[in-house]
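Undergrad: with the input below, show me the fold.
(chains A and B, ligands or ions: 1)
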Amino acid sequence: MSEDVPEAIELLPPSEPVHLLDPDGTYHEDPDHPLDLDDGQLRELYRLMVVTRKVDREAINLQRQGQLGVYASCMGQEAAQVGSAYALTAADWIFPSYRELGAALVREVDAVGLLQLYRGTWLSDHDPYVHNFGLMSIPIGTQALHATGFAMGARFEDNPLVTMVYFGDGGTSEGDPHEAMTFAGVFKAPVIFFVQNNQYAISVPLKRQTAAPTLAHKAVGYGLPGYRCDGNDVLATYAVTRKAVERARSGEGPAFIEALTYRMEAHTTSDDPTRYRSKEELEEAAKTDPIARMRNYLTQRDLYDDTFENEVDEQAKDTATTVRAGIYDAPHGDPMELFEHVYRDPSGYFEEQRERLRAELAGGEG
Amino acid sequence: MAVTLAQAINAALADAMEADDRVLMFGEDVGRLGGVFRVTDGLQARFGEQRCFDTPLAESGIVGTAIGLAMYGWRPIAEMQFDGFTYPAFEQIVSHLAKMPNRSRGTVKLPVTIRIPYGGGIGAVEHHSESPEAYWAHTAGLKVMTPGTPEDGYSMMRAAIADDDPVIFMEPKRRYWMKSEAELPVETEPPRQAVVRREGTDATLVCYGPMVRTALEAAEAADDEGWSLEVLDLRSLAPLDTAALIDSVERTGRVIVIHEAAMTLGLGAEVAARIQERAFYHLESPVLRVTGFDTPYPPAKLEEYWLPDVDRILDAVERSLRY
Ligand SMILES: Cc1ncc(C[n+]2csc(CCOP(=O)(O)OP(=O)(O)O)c2C)c(N)n1
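TA: Residues are numbered from 1 along each chain as shown, chains lettered A, B, ... in the order given. Below you'll find the model as predicted:
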């Protein structure tokens, strides 16, 4: 049987990741990724990254103080998250993993609600339909299918929204993202697979996850273009995502983006990274810090001065204080809510269990 | 006009899709082919390729995208081609489909129906005769239904699709060709109600799905022995109709639970537990189980030795009566 094999060249990732800003803030023009951001938006990207880092730090502190059971920091990944989320419109949907504080803050999702999962109060405490921001998803990569199904559903009725799913380098080894890319390709679902390659899945380094030339190459097998960008360069993550989003919105289908970044903190607050990476490696990574880089760029463009600095710091502090106040000594969940939203029309047997707990709580016989 | 179980389910799918244009039907080979058992026959031709479509061959993908489609606002019906191939979708079903309404504190609703042809008795090759219902029944957040008659095939399927909770709809594949004189559409009892298929006074046969007919045959045969057996069709495996079980035990005092699934931790264990919990003093003898053995499902030529049949049921009835 003869068949026409389409050119895969266009799907292949470029040899170099898209990179617009050097660590010292020098900007490189790229005709394929023109910047469409005004001064206010450039400052906004910076502000969002600073607020993210501050709230992230606050969350780590809250864990140390026993207020959160555990927390997965996104320190070092602010540009990857803020730039990509900023490239979406409010109508677009985000399906996060458990590390996407930065993307959540772009969407103005209440961090206090989000952190309830880590506090152990509720499994989630934000309504996904308010900010079009899905529930945090802990089983690795599984949310890729929800983003794909959602995008298929939008496309079925010509709704122009796009969905974006976040997962990690480890997640690219799981089955679900691959099934998701298969479905997305076949149905031309407007979904962006945004992979934050932060080099580690807990302790396991990238080279143990794959023998593929890059993670973005994986997309090609499903008919998706694989893009790569410097994940610590907020202008690059924004520009590359923007392009993929517009492409998806215009009906050209899904895309895969690999953002090269580095997880500066432990995997979670329960992890001890000294067992698997060196101080030297960490010091090297710190030199590529996304926030310093954007500050350097803004300074060069005369967009960074004391007034702006103070304003951003104030806002970061305010947000962190609000989060702290919201979490600190917040009451535990109501045990009676265990029985809520399990079934719309619970059975008698289920109701008896509910009553048993109620009686126990009331100090009755139980 | 006689209608088979497969035709009744097909009619329910068609009527539901006609009644609500948010209902979607998808899975492997469900479109042009109409499903390997023809349960989706004609749906694509009638409702178009967007309402009834073939998916890539990936069960986790089918259930995972069904969740996304439901979050968006569709009412997906997803077919798993065979019982033994639901396992790739286990994580999506257990970790997301079952939990999301609860973990979202009610903000996400997932009106998803997963159709699964299940059970043995058709001489199928390995992995095509499994009875995985206990996994789903054990999982909080899922409803599990299984029809034992064509009438229920129609009515329970309509109820499953209309339900805003996720429903696992187990279709007894060896009964797909079972006929009845049902007039469709038909509305039977609500799915969560167990139904007495045959009244009796000496013992109760508790059964569901493919074993309903076997139990009825056993009850017929028992007549010749002078035993009057009641046949209780559970219909819903989650939730279980505890009241109907107790009611029947109060009449007969003896219970034999029958299912194809292996014995250990099968539905029979739960039925027995609830009966001893609530009707201990009404029992004249221990609750017995007639089930598949605790072995992997056998090759086709040996399945007759594995599957519960009339003789095994009658043996158990005799043991119960002689106790
Ligand atoms: C299916 C599954 N297997 C194992 C785990 C335990 N686990 C949690 S996070 C993690 C590493 C994930 O790494 P990666 O996908 O690179 O994302 P990152 O945490 O670096 O953001 C593991 C193994 C899990 N949550 N889900």
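
Undergrad: I'd guessed B:P191 sits against B:R158; true?
TA: No - here B:P191 lies out of contact with B:R158, judged by CB atoms under 8 Å, at a distance of 9.6 Å. Just so you know, the C-beta spots here come from the backbone N, C-alpha and C atoms, and that holds for glycine as well.

Undergrad: neighbour count winner among the two?
TA: Under the neighbour definition other CB atoms under 10 Å in any protein chain shown, B:P191 and B:R158 were set side by side, and B:P191 has more, 25 against 22.

Undergrad: contact partners for that one?
TA: By CB atoms under 8 Å, 6 or more residues apart in numbering or on different chains, B:P191 lies in contact with B:143, B:145, B:155-156, B:159-160, B:235-236.

Undergrad: one more pass at 10 Å, please.
TA: The contact partners of B:P191, taken as CB atoms under 10 Å, 6 or more residues apart in numbering or on different chains, are B:143-147, B:152, B:155-160, B:163, B:167, B:169, B:235-236, B:239, B:241.

Undergrad: the lengthiest strand in chain B near chain A at all?
TA: The residue-count maximum for a strand in chain B (DSSP state E) belongs to strand B:255-262. No - judged by CB under 10 Å from any CB of the partner chain, strand B:255-262 and chain A are separated, with a smallest distance of 16.9 Å.

Undergrad: who are the packing partners of the next helix or strand after that strand?
TA: Taking DSSP states H and E as the definition, the helix or strand that follows strand B:255-262 towards the C-terminus is helix B:267-278. On a contact count with 3 or more CB pairs under 10 Å, 6 or more residues apart in numbering or on different chains; DSSP states H and E, helix B:267-278 meets helix B:133-137, strand B:203-207, strand B:236-238, helix B:242-252, strand B:255-262, strand B:288-292.

Undergrad: most tightly surrounded among those?
TA: Most buried of these by mean neighbour count (mean count of other CB atoms under 10 Å in any protein chain shown) is strand B:203-207; its value is a mean of 29.

Undergrad: for A:V323, which non-adjacent residue is spatially closest?
TA: Ranked by CB to CB, 6 or more residues apart in numbering or on different chains and with sequence neighbours excluded, the top spatial neighbour of A:V323 is A:A111, at 4.9 Å.

Undergrad: run through the helices of the stretch 101-250 of chain A in chain order.
TA: Assigned by DSSP state H, counting those that start in this stretch, the stretch 101-250 of chain A shows helices spanning A:101-106, A:111-119, A:128-131, A:143-156, A:175-187, A:217-220, A:234-247.

Undergrad: same check on chain B?
TA: In order along the chain, chain B carries the following helices (DSSP state H): B:5-19, B:43-47, B:59-72, B:90-91, B:100-103, B:133-137, B:150-162, B:211-225, B:242-252, B:267-278, B:303-306, B:310-322.

Undergrad: closest to A:I9 out of those helices?
TA: Of all the helices of chain B, helix B:59-72 sits nearest to A:I9, with 27.3 Å by CB to CB.

Undergrad: gap between the closest one and the chain center?
TA: Here the centre of mass of C-alpha atoms in helix B:59-72, compared against the chain's by CA atoms, centre = their mean, to the nearest Å, lies 22 Å away.

Undergrad: quick one, what contacts A:D24?
TA: Under the criterion of CB under 10 Å, 6+ apart, the contact list for A:D24 reads A:292-293, A:296-297, A:300.

Undergrad: which SS class is it?
TA: Remark: A:D24 carries the secondary structure label coil [criterion: DSSP: H, G, I helix; E, B strand; the rest coil].

Undergrad: residue 144: neighbouring residues, count only.
TA: Just going to use chain A. By other CB under 10 Å, 35 other residues sit near A:A144.

Undergrad: try again with chain B
TA: Going by other CB under 10 Å, the residues that sit close to B:V144 add up to 28.

Undergrad: my guess is it contacts B:Y135, does it?
TA: Yes - the pair B:V144 / B:Y135 is scored as a contact, 9.4 Å apart, by CB atoms under 10 Å.

Undergrad: now for these two: what residues contact both?
TA: With CB under 10 Å, 6+ apart, B:V144 and B:Y135 have common neighbours B:I168.

Undergrad: hang on, the earlier thing: distance of the residue nearest to A:V323 relative to chain B?
TA: A:A111 sits 17 Å away from chain B, taking CB to the nearest CB, to the nearest Å as the criterion.

Undergrad: isn't B:L57 right up against B:M80?
TA: No - with contact defined as CB under 10 Å, B:L57 and B:M80 do not form a contacting pair (11.6 Å).

Undergrad: of the two, which one has the most company?
TA: Set side by side, B:L57 and B:M80 show unequal neighbour counts under other CB under 10 Å, the larger going to B:M80 at 25 against 15.

Undergrad: list the contacts of the more buried one.
TA: Contacts were defined as CB under 10 Å, 6+ apart; by that measure B:M80 touches B:27-28, B:59, B:62-63, B:86-89, B:93, B:114-118, B:132, B:168, B:170.
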